[in-house]
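Novice: compute the structure for the input listed below.
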Amino acid sequence: MTSYQKKLYLLVNFGGPRELAEIPSFLEALLTDKDVIRTKLPQVFHNLLFKRVAKKRAVKISHDYALIGGRSPIYEDTESIAQALREKLQEELITFHRYIPATHKQSLEKISRAQADTIIVFPMFPQFTYATTGSIARFFCKKLPPEVLHKMRWVKSYPTHPAYIALLSRTIRESLLEKKLKEEEVVLLFSAHGLPKTFIESGDLYQSEVESSYQKVMEAFPKALGRLSYQSKFGPGEWLRPYTDEVCQDIANWNEGRKNVVFVPISFTSDHIETLFEVESLYMPLIAEAGCNPYRVPAFNRRPDWLEAITQILIDTTPTSNSMLIRQKI
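Specialist: From the prediction side, this is the model:
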């Protein structure tokens, strides 16, 4: 008879400023992360440069955050999902928010103190990239003792898991019904967060996983016209194309006369600045200016069936180790 294995669940997410005053520290943590902003500079000089960039950028985007309520909903959404999962799984569950430094000490202490045989890590990122899931894995490698890291078993990603695809398809279907839109008359514009093209060229799986998700979801909407694009480009250099803003500006040349354009947040499980401000304030107006009707499908946020999907993904996934998720060249 095998003994009971005590599990600790770890729910990891991007994190976002919980108030306007937290924007500078959020941006500093994000931009000094060399899994996100890759330079050839030594870390100390990289930090000096991007702390200055973060300080300047914080002033600019504070206005954007003010328009969506003065904070990002990601933190509260993640904590709400975590509490519901604790009750559902009847196991200890800890959250980790990568770019909210004020939360790190407490989270790391909880992880280190937990009396668990196995630590099961679930990323709130359906598609893998070294810039999100990989960054968190590296952070843990730097901050947690080897005996804790050895216990970690990750869900790497779940871009085509039936529970994820079914949930995303359901959110789209519900939006079409709510807005009284016919499938055969709509464009489904899937907008994923972009990445520099060099990331993909160096072996990042993100683009192929996003495309796999898109193709699977489109199987549920054979009468719709689908299009995949990438948003949120930052800094110089070529990013994954097509860019969402250019797709919107050029819509008259590819929409086949369909006037109803529905934005789908394919790489976002929680609404935040990229959907609540960027899509609504920057991209949807471009669609309207072209004489079309823009709509937006909400992210999963706190949906009860998102809990069900997470649970099923945890059951079905063959886990991987922390070290397997870390980009070797830094």
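
Novice: mind checking how far the closest residue to Thr39 other than its chain neighbours is from Ser112?
Specialist: In this structure, Thr39 finds its nearest non-sequential neighbour in His46, 5.3 Å apart by Cβ to Cβ, 6 or more residues apart in numbering. C-betas here are computed from N, CA, C, even on glycine. In this view, His46 and Ser112 are 28 Å apart by Cβ to Cβ, to the nearest Å.

Novice: before we move on, what about Ile326?
Specialist: 19 Å.

Novice: okay, the two: which has more neighbours?
Specialist: Legend: neighbour count by other Cβ atoms under 10 Å for Ile326 and Ser112, higher for Ile326 (19 against 12).

Novice: is it true that that one touches Ala137?
Specialist: Yes. Between Ile326 and Ala137 there is a contact at 5.1 Å, judged by Cβ atoms under 8 Å.

Novice: contacts for stretch 104-113?
Specialist: 8, 10, 94-97, 119, 143-145, 148 (Cβ atoms under 8 Å, 6 or more residues apart in numbering).

Novice: same deal with stretch 236-246?
Specialist: With contacts defined as Cβ under 8 Å, 6+ apart, stretch 236-246 is touched by 189, 191-192, 194-198, 200, 207, 229-231, 233, 279, 282-283, 286.

Novice: how about the CA coordinates for it, as CSV?
Specialist: Written as CSV, here are the backbone C-alpha positions of stretch 236-246 (Å, rounded to 0.1, in the frame of the first residue of the first chain):
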residue,chain,number,x,y,z
PRO,A,236,12.2,48.4,-31.7
GLY,A,237,12.6,45.3,-33.8
GLU,A,238,10.3,42.9,-35.6
TRP,A,239,7.6,41.2,-33.6
LEU,A,240,5.2,38.4,-34.5
ARG,A,241,2.9,39.4,-37.4
PRO,A,242,0.3,40.4,-38.4
TYR,A,243,0.0,43.2,-35.9
THR,A,244,-3.5,43.7,-34.5
ASP,A,245,-3.6,47.5,-35.3
GLU,A,246,-2.6,46.9,-38.9
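
Novice: what mean pLDDT does it get?
Specialist: On average, the pLDDT along stretch 236-246 is 96.

Novice: low-confidence ranges in this structure?
Specialist: Along the chain, segments meeting pLDDT under 70 span 1-4, 330.

Novice: ok, which stretches of it are helices?
Specialist: Secondary structure of the chain (DSSP state H): helices located at 23-31, 43-67, 74-89, 104-113, 133-143, 146-149, 162-178, 197-201, 206-218, 244-249, 284-289, 304-316.

Novice: just put these in JSON lines and tack on distance to Thr269.
Specialist: Converted to JSON lines, the helices of the chain look like this (distance: least, Cβ to Cβ, whole Å):
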{"stretch": "helix 23-31", "distance to Thr269": "18"}
{"stretch": "helix 43-67", "distance to Thr269": "19"}
{"stretch": "helix 74-89", "distance to Thr269": "8"}
{"stretch": "helix 104-113", "distance to Thr269": "19"}
{"stretch": "helix 133-143", "distance to Thr269": "13"}
{"stretch": "helix 146-149", "distance to Thr269": "25"}
{"stretch": "helix 162-178", "distance to Thr269": "9"}
{"stretch": "helix 197-201", "distance to Thr269": "21"}
{"stretch": "helix 206-218", "distance to Thr269": "12"}
{"stretch": "helix 244-249", "distance to Thr269": "18"}
{"stretch": "helix 284-289", "distance to Thr269": "20"}
{"stretch": "helix 304-316", "distance to Thr269": "7"}
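
Novice: which of the ones you listed sits closest to Met124?
Specialist: Nearest to Met124 among the helices of the chain is helix 74-89 (6.6 Å), distances taken as Cβ to Cβ.

Novice: and the angle for the closest one with helix 304-316?
Specialist: On the basis of axes from the mean of the first three to the mean of the last three Cα atoms, to 10 degrees, helix 74-89 is oriented at 60 degrees to helix 304-316.

Novice: skipping its backbone neighbours, what lies nearest Arg327 in space?
Specialist: Excluding the flanking residues, the one nearest Arg327 by Cβ to Cβ, 6+ apart is Tyr130, at 4.2 Å.

Novice: the one you found touches Ile200, doesn't it?
Specialist: No. Tyr130 is not in contact with Ile200 according to Cβ under 8 Å; the separation is 10.6 Å.

Novice: which of those two has more neighbours?
Specialist: More crowded of Tyr130 and Ile200, by other Cβ under 10 Å: Tyr130, with 24 against 16.

Novice: list phi and psi for that one.
Specialist: Here is the backbone geometry of Tyr130 (degrees, to the nearest 10): phi -70, psi -20.

Novice: how close does it sit to Gly203?
Specialist: According to Cβ to Cβ, Tyr130 stands 8 Å off from Gly203.

Novice: thought Gly134 was touching Val36?
Specialist: No. Counting by Cβ under 8 Å, Val36 is not a contact partner of Gly134; they are 9.9 Å apart.
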